[in-house]
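A.B. asks: Here is a sequence together with a model predicted from it:
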Protein chains: 2
Amino acid sequence: MQDSKKILSDNNVSITNPRILVLEALLDNKSPITVDELLTKLENQVAKSTLYRVLSDLKKINILQEFTNLENQSVVELLLDTDSHHHHLFCSDCGEIIDVEMANEFEEKLSKEIKRIEKKFNFIIEDHRLELFGKCTDLCENCS
Amino acid sequence: MQDSKKILSDNNVSITNPRILVLEALLDNKSPITVDELLTKLENQVAKSTLYRVLSDLKKINILQEFTNLENQSVVELLLDTDSHHHHLFCSDCGEIIDVEMANEFEEKLSKEIKRIEKKFNFIIEDHRLELFGKCTDLCENCS
DNA sequence: GTTATAAATGAGACTTATTCTCATTTATTG
DNA sequence: CAATAAATGAGAATAAGTCTCATTTATAAC
């Protein structure tokens, strides 16, 4: 059973062609992608309304993360439980978004600090997101 | 000279009524506010197109931060250089966004980790943002 | 394999947030 | 105070995302 079908059945979501196509597009380039790019990639294969519905389905079963890039466009990224915890690095020159794993030592420090914040604000903190903004200096042509 | 006028002249931005009104609205509730709420607050005082233009002016002079809340609405917050560095805590029950200062010790650790990432990815990191997601347990009526 | 049923889809209308246009008003400088 | 450039208001235009509803498809029962 292929990845995309397995993902769907594992999550008790019915296996349909659009869902397979969207999942495969996401598995295909396994890094953050603009909803707009996804729409183009799946043009003539999945209707716009369906794409948005499938994305919302994937969010519901907690395997899709959504955030915004520096231009405030919606960006999605598949996040399977086999994937490791990571954060994002945004280049303001070329717009690239790069997955970054922080050192364990740092994540531990962050967890401790989060516990302190939970007590201080009487909050239950379920998730966190760290975004780093800057310029890549040699990764792409745009970034001289 | 009032705050808002001083802010504008300090940044070489001409002092106009709409700019004063927007700045005062932002200074007034000095915590993140939805663009939509701001629009309502300034109804009949500042045209919609002007509000967006003024917000973009304030972003250009680097005293306005923009991000999105859990409902993907645009949220803005005035960020003067007299303000201390802070992050945000989002409540998924009531939608509140709270400013949070992390411990110095933690921010130092983060700076070090950022230096490591800069080297590893050949990046110049200029800014970072940490978002904490959870539920407040007693801050508001919605959150039982 | 057929059939019944509920769920998912496609197409496009609709909504909402944001940007754009352009005629008018206002701030600034000399 | 006059001249000029910049800013504004009003509403049209655009774009992202949602909704509707008739049709298609997946699933479960037989």
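C.D. replies: It's in. Residues are numbered from 1 along each chain as shown, chains lettered A, B, ... in the order given.
A.B. asks: List the contacts of the closest residue to A:Lys30 other than its chain neighbours.
C.D. replies: Using CB to CB, 6 or more residues apart in numbering or on different chains and skipping the chain neighbours, the partner closest in space to A:Lys30 is A:Leu78 (6.7 Å). (C-beta placed from N, C-alpha, C; glycine too.) Contact partners of A:Leu78, counting by CB atoms under 8 Å, 6 or more residues apart in numbering or on different chains, are A:Leu23, A:Leu26, A:Leu27, A:Lys30, A:Leu58, A:Ile63, A:Leu64.
A.B. asks: Tell me which entries of these lie within helices.
C.D. replies: In helices, judged by DSSP state H, the following of these are found: A:Leu23, A:Leu26, A:Leu27, A:Leu58.
A.B. asks: From those residues, keep the buried residues only.
C.D. replies: For those, a burial check counting by 16 or more other CB atoms under 10 Å in any protein chain shown picks out A:Leu23, A:Leu26, A:Leu58.
A.B. asks: how about a markdown table for the residues you listed, with pLDDT and distance to DNA strand D added?
C.D. replies: Shown next, in a markdown table, are these (pLDDT from 0 to 100; distance: CB to the nearest atom of the strand, whole Å):
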| residue | pLDDT | distance to DNA strand D |
| --- | --- | --- |
| A:Leu23 | 97 | 14 |
| A:Leu26 | 97 | 15 |
| A:Leu58 | 98 | 13 |
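A.B. asks: one step back: ok, which pair from the contacts of A:Leu78 is furthest apart?
C.D. replies: Maximum pairwise distance in the contacts of A:Leu78, criterion CB to CB, is 14.2 Å, between A:Lys30 and A:Leu58.
A.B. asks: Show me how chain A divides into domains.
C.D. replies: According to automatic domain parsing, chain A comprises the domains A:1-83, A:84-144.
A.B. asks: need the ones you listed in JSON lines with distance to B:Pro18, can you?
C.D. replies: What follows is these, written out as JSON lines (distance: least, CB to CB, whole Å):
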{"stretch": "domain A:1-83", "distance to B:Pro18": "22"}
{"stretch": "domain A:84-144", "distance to B:Pro18": "28"}
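A.B. asks: now the strands: where do they sit in chain A?
C.D. replies: A:33-34, A:64-68, A:74-78, A:87-91, A:97-100, A:123-136 (DSSP state E).
A.B. asks: among these, which is the most enclosed?
C.D. replies: Mean neighbour count (mean count of other CB atoms under 10 Å in any protein chain shown) peaks for strand A:87-91 among those, with a mean of 22.
A.B. asks: partner strands of that strand, parallel or antiparallel?
C.D. replies: Here strand A:87-91 has these sheet partners by DSSP bridges: strand A:97-100 (antiparallel), strand A:123-136 (parallel).
A.B. asks: Switch the ones you listed over to TSV; also include distance to DNA strand D and mean pLDDT.
C.D. replies: As requested, the strands paired with strand A:87-91 are exported to TSV (distance: least, CB to the nearest atom of the strand, whole Å; pLDDT from 0 to 100):
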stretch	distance to DNA strand D	mean pLDDT
strand A:97-100	15	96
strand A:123-136	17	96
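A.B. asks: In a markdown table: those, plus distance to DNA strand C.
C.D. replies: A markdown table is the format used below for these (distance: least, CB to the nearest atom of the strand, whole Å):
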| stretch | distance to DNA strand C |
| --- | --- |
| strand A:97-100 | 20 |
| strand A:123-136 | 18 |
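A.B. asks: With distance to A:Lys5 as added columns, please give those in CSV.
C.D. replies: As requested, the strands paired with strand A:87-91 are exported to CSV (distance: least, CB to CB, whole Å):
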stretch, distance to A:Lys5
strand A:97-100, 25
strand A:123-136, 28
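A.B. asks: B:Val54: which of these is closest?
C.D. replies: For B:Val54, the closest of these is strand A:123-136, at 23.3 Å, according to CB to CB.
A.B. asks: what's the spacing between A:Gln59 and DNA strand C?
C.D. replies: Quick fix: residue A:59 reads Lys, not Gln. Between A:Lys59 and DNA strand C the distance is 13 Å, computed by CB to the nearest atom of the strand, to the nearest Å.
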